[in-house]
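S.K.: I'd like to go over a predicted model; first the sequence, then the structure.
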Amino acid sequence: MRLSLRRAAVIAACALSLSAAQAALKPGDAAPTFAAEAALGGKTFRFQLGDALAKGPVVLYFFPKAFTQGCTVEAHLFAEASERFAALGATVVGVSGDNIDTLKRFSVEACRDKFAVAGASAKTIEDYDARSSWRADMADRISYVIGKDGKIVFTHHGSDPEAHVANTLKAVEQLAKQAR
């Protein structure tokens with residue numbers, strides 16, 4: 001009986017994950033514009049997607065909760081790759097439903113002062129089809145690469161933080177090749 005309940009839980013989790021992945025914005029879709037309070041190196045500022053896109057492509061990665069294991073690992077990995085993203089002209093921004101005080105600390109401790117993290121509203125999380133299937137007040141782990149034209153270029157949905165960094169970096173490299 002216990003095994004059956006576990007299997008049912010795994011199947012339900014996979015189904016929810018697949019439905020979220022299928023609902024994600026697709027390449028060619030317009031990225032919803034938004035502004036949010038953000039932090040970089042412990043200092044707050046107003047992040048505006050349009051301003052970031054004026055400089056080049058944006059890697060917008062949604063994460064569930066600052067200071068949780070997977071989210072901290074993902075932030076460390078994006079921090080380690082930040083120079084490669086910057087060399088390709090891309091801006092990396094982490095997005096969650098966390099409050100700005102938490103994100104100020106997270107931007108220093110986990111993001112290592114390398115990239116900004118923004119506190120998204122429930123509407124922004126919903127607009128990006130990034131709402132967690134487990135808790136409505138949290139974002140799911142989903143990453144987008146948005147081209148300078150404001151269109152989604154690449155979407156990655158999954159629980160492996162390393163895959164988000166590796167796959168978005170590949171997408172940004174491909175975008176840079178196409179721009180030449």
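M.R.: Arrived safely, thanks for sending. Residues are numbered from 1 along each chain as shown.

S.K.: Please make it C-alpha for all contacts and neighbour counts, starting now.
M.R.: Fine.

S.K.: Phi first, then psi, for the spatially most central residue of the chain.
M.R.: Nearest to the mean C-alpha position of the chain, by Cα atoms, centre = their mean, lies Tyr61 at 0.9 Å. Dihedral pair for Tyr61: phi -120, psi 130, per degrees, to the nearest 10.

S.K.: Does it touch Phe78 like I think?
M.R.: No - when contacts are counted by Cα atoms under 8 Å, Tyr61 is not listed as touching Phe78 (9.7 Å).

S.K.: any idea how far Gly42 is from Leu25?
M.R.: Note on Gly42: its distance to Leu25, by Cα to Cα, to the nearest Å, is 30 Å.

S.K.: I meant to write Phe154 there.
M.R.: Counting by Cα to Cα - Phe154 and Leu25 are separated by 9 Å.

S.K.: contacting residues for Ala36?
M.R.: Arg46, Phe47, Gln48, Ala118, Gly119, Ala120, Ser121 (Cα atoms under 8 Å, 6 or more residues apart in numbering).

S.K.: in the sheet, who's paired with it?
M.R.: Phe47 (DSSP bridges).

S.K.: any low-confidence regions in the protein?
M.R.: Counting by pLDDT under 70, the chain has low-confidence residues at 1-23.

S.K.: one more time with 90, if that's ok
M.R.: Residue ranges of the chain with pLDDT under 90: 1-24, 132-138, 179-180.

S.K.: just so I have it, where are all the helices in it?
M.R.: 2-23, 49-55, 69-87, 100-109, 122-127, 161-179 (DSSP state H).

S.K.: can you tell which of those is closest to Asp149?
M.R.: Distance to Asp149, taken as Cα to Cα, is lowest for helix 49-55 among the helices of the chain, at 7.5 Å.

S.K.: Which residues are in contact with the closest residue to Pro161 other than its chain neighbours?
M.R.: Nearest residue to Pro161, sequence neighbours excluded (Cα to Cα, 6 or more residues apart in numbering): Glu74, at 4.7 Å. Glu74 sits next to Pro161, Glu162, His164, Val165 when contact means Cα under 8 Å, 6+ apart.

S.K.: Just name the closest of those to Ala86, please.
M.R.: Val165 (13.4 Å).

S.K.: just checking, that closest one touches Ala75?
M.R.: No - assessed by Cα under 8 Å, Val165 is found out of contact with Ala75, at 9.3 Å.

S.K.: For Gly147, which residues are in contact?
M.R.: So Gly147 contacts Leu53, Gly56, Pro57, Val58, Val153, Leu175 (Cα under 8 Å, 6+ apart).

S.K.: from memory the second one sits against Lys148, does it?
M.R.: Spelled out, it's Gly56. Yes - applying Cα under 8 Å, one finds Gly56 in contact with Lys148, separated by 5.0 Å.

S.K.: Which residue comes closest to Gly70 once chain neighbours are left out?
M.R.: Pro161 (6.5 Å).
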